[in-house]
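1. Quick one, fold the following:
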Amino acid sequence: MTESGSRLQGRRIAIGITGSIAAYKAVELLRLLQTEGADVRVLMTTAATEFIGTLTLETLSRHPVDSDVLALQADGRIGHISTAHDVEAIVVAPATAHWLGAMAHGLAGDSITAACLATSVPVIVAPAMDGGMYVHPATQANVARLREFGYHIVEPESGPLASGMIGQGRLASLDRIVDATVSALRGAPAAAERREEAASASSAPAKSTPARPSRTDLAGRHVVVTAGGTAEPIDPVRFVGNRSSGKMGVAVAEDALDRGATVTLILANHTVEPPSGAEVTHAETAAEMEAALRALTPPEGPRFDILVMAAAVADFRPRSPSGKKMSRSSGMTLEMDATPDLLAETAERVRTGIRASGARRPVLVGFAAETGSLERADEKLRSKGVDLLVANDVTEPGSGFGTDTNKVTIYSTDGPPEELPLLPKRAVAELLLDRVVVRLAAIADGSPTPEPTETSE
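-> Residues are numbered from 1 along each chain as shown. A predicted model of the protein is given here:
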């Protein structure tokens, strides 16, 4: 392998995994591509999921896995079409004899063949199968046909096979596959450059439909994210708080950074490291978080384009915290006061600032942790005065505080609620920001979008 480290920096690549025993090697291939700087997503055939589960690949790639050609994404888009138009290369590894035949004849029975048929980006194919199968004239004819398509074939290697026999059929070394991917992309413009060229050549009118989200779609934007759980002091040792880890808010901050945004992270108590590149403001209590938000929402208008309030702010705080540690021998009776509704108050200050200054309004996103049901979420969307409200039931498995996954429903002022499946929090963050980007583009274009309602609480 040649010198590596950042040869695929900023590139968006899809790995297509088919039903070969070598499918387990795709996990390491994914990591190698990421090490080279690539943003990787995964397509799988149904047979491939028998060899390796989707959760591993979703966790590592931080994208949902597309393993059903008939399934739609959470936002209604067709998964394989979205991937075909979004990535800069597709790497099919391992590719079985069945897949080679289907692809050679344009039979789109799985997400990988469908994406390859719909794309014009380089396709790198690494076959893997028993030796007798690979040298069969049918397989060789299919490989030759793929070469005619312009596909880059990484020939399998010779050696011991899963059948116990020896022959040419072992998946090529992962270094070779990575090198082939780098070679296929050498000289090809990156996604951002292609979009810029397309925009320059376009004769579209000034007001156009917002483009689909891309990984540079927040460049030049300021995103403010609150994360973690506030801790309201009882005394210098004890506090009233909640179980928030900060993982969801940090995931949003990470994805915003990856999209090119300038990110301010207002961080309360947390168990996860904040992303490098974000400007971090520590706010341990509700009062400190309120002060940080006020500084960003002065009378002359908000100082951000997007606000995502993912922090779990304590609803109550001790009325008279002690200045020294309280003794357990005397017991404790706490008188509590309600903390300010930071989400509603901040949204109201934003509206006031916009009316006073005429500034363009930002997109406001709130989070609501519920228990038992989400029946209050729609009312909260209206009463808090936000564009989007992300609600979850923290009693559901995998959706509570401190988990690496989340199952949310996104409530919007311009559409019905969208219930997402259980996903890694980074995937939830990406899908959320996809929706924010579309709304932000509509505001910039002057397209009609429902404004958040006035706060009623």
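2. Now do the same contact list for G353.
-> Going by CB atoms under 8 Å, 6 or more residues apart in numbering, G353 touches 297-302, 359. All C-beta atoms are positioned from the backbone trio N, CA, C, and that covers glycine.
3. Select only the buried ones of these in PyMOL?
-> Entered in PyMOL, the line below selects the buried ones among these, by 16 or more other CB atoms under 10 Å:
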select buried, resi 297+301+302
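4. any low-confidence regions in the protein?
-> Across the chain, residues meeting the criterion (pLDDT under 70) sit at 1-5, 72-77, 79-80, 187-215, 239, 241, 243, 445-457.
5. Check it for its longest helix and report it.
-> Looking only at the chain and at elements set by DSSP state H, the helix with the highest residue count is helix 425-445.
6. quick one: buried residues of it?
-> Buried positions in helix 425-445, judged by neighbour count with 16+ other CB under 10 Å: 425-443.
7. burial of R62, as a residue count?
-> 21 (other CB atoms under 10 Å).
8. What values do phi and psi take at it?
-> Here is the backbone geometry of R62 (degrees, to the nearest 10): phi 60, psi 30.
9. Ok, S158 next?
-> The main-chain torsion angles of S158 are listed as degrees, to the nearest 10 and equal phi -90, psi 150.
10. What separation do you get for it and L374?
-> If you measure S158 against L374 using CB to CB, to the nearest Å, the figure is 57 Å.
11. And these two? Which one has more around it.
-> L374 (19 against 12).
12. what pairs with the closest residue to the more buried one other than its chain neighbours across the strands?
-> Take L374 and drop its neighbours on the chain: the residue closest to it by CB to CB, 6 or more residues apart in numbering is A391, 4.8 Å away. Taking DSSP bridges as the rule, A391 bridges to A368, T409.
13. since we're on A391, how many residues are nearby?
-> Neighbours of A391 under the rule other CB under 10 Å: 23.
14. what's near enough to touch it?
-> Listed by CB under 8 Å, 6+ apart, the contact set of A391 reads 367-370, 374, 377, 380, 408-411.
15. Of those residues, which is the most crowded?
-> In terms of neighbour count, V408 stands highest of the contacts of A391 at 27 neighbours, by other CB under 10 Å.
16. so how far is K425 from the closest residue to that residue other than its chain neighbours?
-> Closest residue in space to V408, ignoring its immediate chain neighbours: N392 at 4.6 Å, by CB to CB, 6+ apart. Counting by CB to CB, the gap between N392 and K425 amounts to 11 Å.
17. who touches both of those two?
-> Jointly contacting N392 and K425 under the rule CB under 8 Å, 6+ apart are N406.
18. before we move on, back to that, please identify which of the contacts of G353 is nearest to E88.
-> Sorting the contacts of G353 by how near they are to E88, with CB to CB, puts P302 at the top with 35.1 Å.
19. and the closest residue to the closest one other than its chain neighbours, how many neighbours does it have?
-> Leaving aside its sequence neighbours, P302 sits nearest to V350 (CB to CB, 6+ apart; 4.9 Å). A count of nearby residues for V350, using other CB under 10 Å, gives 24.
20. ranges for the strands of the stretch 251-400 of the chain?
-> Using DSSP state E, counting those that start in this stretch, the strands found in the stretch 251-400 of the chain span residues 262-267, 279-282, 306-309, 316-318, 336-338, 363-370, 388-393.
21. Those strands: which one's closest to S82?
-> With distances scored as CB to CB, the stretch of those nearest to S82 is strand 388-393 (20.6 Å).
22. Now find how far off-centre the closest one is within its chain.
-> For strand 388-393, the distance between its averaged C-alpha position and the chain's averaged C-alpha position is 16 Å (CA atoms, centre = their mean, to the nearest Å).
23. quick one: contacts of whichever helix or strand comes after it?
-> Reading on from strand 388-393 to the C-terminus, the next helix or strand found by DSSP states H and E is strand 405-406. Applying CB under 8 Å, 6+ apart, the set of residues contacting strand 405-406 from outside is 248, 392, 398-399, 422-425, 428.
24. Let me know the closest of the contacts of G353 to A172.
-> Each of those was checked against A172 using CB to CB; the closest is P302, at 52.7 Å.
25. Pull the helix or strand hosting V91 out as CSV, backbone CA atoms only.
-> With the criterion set as DSSP H and E, the secondary-structure element containing V91 is strand 89-95. Extracted in CSV, the C-alpha atoms of strand 89-95 (Å, rounded to 0.1, in the frame of the first residue of the first chain):
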residue,chain,number,x,y,z
ALA,A,89,-17.5,6.4,-5.4
ILE,A,90,-19.1,3.0,-4.7
VAL,A,91,-16.9,0.1,-3.5
VAL,A,92,-18.5,-3.3,-3.8
ALA,A,93,-16.5,-5.6,-1.5
PRO,A,94,-17.0,-8.5,-1.4
ALA,A,95,-18.8,-9.0,-4.7
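26. and that strand, how far from the chain's centre?
-> For strand 89-95, the distance from its own C-alpha centre to the chain's C-alpha centre is 22 Å (CA atoms, centre = their mean).
27. Okay, angle between whatever helix or strand comes next after it and strand 89-95 too, please.
-> The element immediately downstream of strand 89-95 (helix or strand, assigned by DSSP H and E) is helix 97-104. With axes from the mean of the first three to the mean of the last three CA atoms, to 10 degrees as the basis, helix 97-104 and strand 89-95 are set at 140 degrees to each other.
28. Could you check the angle the helix or strand just after helix 97-104 makes with helix 97-104?
-> Scanning the chain past helix 97-104 towards its C-terminal end, the next helix or strand to appear is helix 111-118 (assignment: DSSP H and E). Computed with the same axes, to 10 degrees, the direction of helix 111-118 lies at 20 degrees from that of helix 97-104.
29. and helix 111-118, what does it pack onto?
-> strand 12-17, strand 39-44, helix 79-86, strand 89-95, helix 97-104 (3 or more CB pairs under 8 Å, 6 or more residues apart in numbering; DSSP states H and E).
30. And that helix, what's buried?
-> In terms of neighbour count (16+ other CB under 10 Å), helix 111-118 has its buried residues at 111-116.
31. So what touches that helix?
-> 14, 16-18, 43-45, 66-69, 79-81, 83-85, 90, 92, 99, 102-103, 106-108, 123.
32. Determine the angle, from 0 to 180 degrees, between whichever helix or strand comes after it and helix 97-104.
-> From helix 111-118 onward toward the C-terminus, using DSSP H and E, the following helix or strand is strand 123-127. Using the same axes, to 10 degrees, the direction of strand 123-127 lies 150 degrees away from that of helix 97-104.
33. Please save the CA atoms from strand 123-127 in PDB.
-> Extracted C-alpha coordinates of strand 123-127, given in PDB (Å, rounded to 0.1, in the frame of the first residue of the first chain):
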ATOM      1  CA  VAL A 123     -17.500   1.900  -9.100                       C
ATOM      2  CA  ILE A 124     -14.800  -0.300  -7.600                       C
ATOM      3  CA  VAL A 125     -15.500  -4.100  -7.500                       C
ATOM      4  CA  ALA A 126     -13.600  -6.700  -5.500                       C
ATOM      5  CA  PRO A 127     -15.000 -10.200  -6.200                       C
END
